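1. Using only what follows, build the 3D model:
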Amino acid sequence: MMRLREAVERYLALAGGYHKPIALSAFGLSREETEHLFGVFDEDYHISRFFHFRNSSGESYQINGFPQTHVSVDAEISETL
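-> Model (predicted):
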């Protein structure tokens, strides 16, 4: 499973910076990997406060029982890496 640092680095490479929503499908993981990885991040209070999910157009994933298509990450997550 991808670690937090790897996920944030991939997010930054895809988004070009913090606070920009990108499609969860852009991470290039399988549906199961995507749902599990972001589900784990979403369940951890110290991590989840920096991740912001949204459900708009695009491929939808079930993140802890909620349909989500995009994620953005706050720059402050760098304090936990």
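
2. and the residue most central in space within the chain, what are its phi and psi?
-> For the chain, the residue lying nearest the average C-alpha position, counting by Cα atoms, centre = their mean, turns out to be Val71 (4.9 Å). As for Val71, its main-chain torsions (degrees, to the nearest 10) stand at phi -140, psi 150.

3. give me every residue that touches Phe66.
-> If you count contacts by Cβ atoms under 8 Å, 6 or more residues apart in numbering, Phe66 has them with 53, 55. (Each C-beta comes from the backbone N, C-alpha and C, glycine too.)

4. re the thing from before, so the residue nearest to the centre of the chain makes contact with Val8?
-> No - counting by Cβ atoms under 8 Å, Val71 stays clear of Val8, with 10.8 Å between them.

5. Go through the worst-scoring helix or strand of the chain on mean pLDDT and flag the buried ones.
-> Least confident element among the helices and strands of the chain, by mean pLDDT, DSSP states H and E: helix 45-48 (a mean of 96). Under the neighbour-count criterion of 16 or more other Cβ atoms under 10 Å, helix 45-48 has Ile47 buried.
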